[in-house]
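Participant: what follows is a predicted protein model with its sequence.
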Amino acid sequence: MNYIYELVMKVRDYECDSQGIVNNAVYQNYLEHTRHEFLAANGVDFIDLHNQGIDPVVARIDIQYKTPLRGGEEFVCKLTVKKEGIKYVFLQDIFRLSDGVVSVKGKVETVCLVDGKLSRGEFFDTIFAKYL
């Protein structure tokens, strides 16, 4: 896959369940944090957007759990983006850094609300143009 952004992170102990592996719900946090950092790297502040009445929201998410991460392990979350109709679709994969093994494969479909109404995402069309 042709990734356009990467973010390295480390598993914190409190993110693990009683089995000693990252709780399944925590992976959504990793994916979301990576998308927010991707926006920031492109000059977009998530809070500023909201204050302008622009709210990108998750419409659907599909996560395939492949290999669990454990406390203290470093990993990299990679993403790419494509446009499908009014949706921006983020394909995101998480890899364990020590050996490159895939931990999670995610597909996150987002839509954009402007002043509470569904939009065609024109605001992001210009920001993401170089990636599409």
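Facilitator: Yep, it's here. Keep in mind that what you see is a predicted model, and the values were worked out from it rather than measured. Numbers count the residues shown, from 1 in each chain.
Participant: who touches the top helix by length along the chain?
Facilitator: The longest helix of the chain (DSSP state H) is helix 26-41. Contacts to helix 26-41, defined as Cβ atoms under 8 Å, 6 or more residues apart in numbering, come from residues 4-5, 7, 9, 15, 45-46, 58, 61, 63, 65, 75, 77, 79, 90, 92, 94, 103-104, 106, 108. Yep, even glycine has a C-beta here, placed from its N, CA and C like the rest.
Participant: list the buried residues for that helix?
Facilitator: Residues of helix 26-41 classed as buried: V26, Y27, Y30, L31, E32, T34, R35, H36, E37, F38, L39 (neighbour count, 16 or more other Cβ atoms under 10 Å).
Participant: ok, stretch 91-105 next?
Facilitator: L91, Q92, D93, I94, F95, R96, S103, V104.
Participant: before we move on, the earlier item: mind putting the buried residues of helix 26-41 in JSON lines, distance to L69 included?
Facilitator: Output for the buried residues of helix 26-41, formatted as JSON lines (distance: Cβ to Cβ, whole Å):
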{"residue": "V26", "distance to L69": "9"}
{"residue": "Y27", "distance to L69": "8"}
{"residue": "Y30", "distance to L69": "9"}
{"residue": "L31", "distance to L69": "13"}
{"residue": "E32", "distance to L69": "16"}
{"residue": "T34", "distance to L69": "14"}
{"residue": "R35", "distance to L69": "19"}
{"residue": "H36", "distance to L69": "20"}
{"residue": "E37", "distance to L69": "18"}
{"residue": "F38", "distance to L69": "20"}
{"residue": "L39", "distance to L69": "24"}
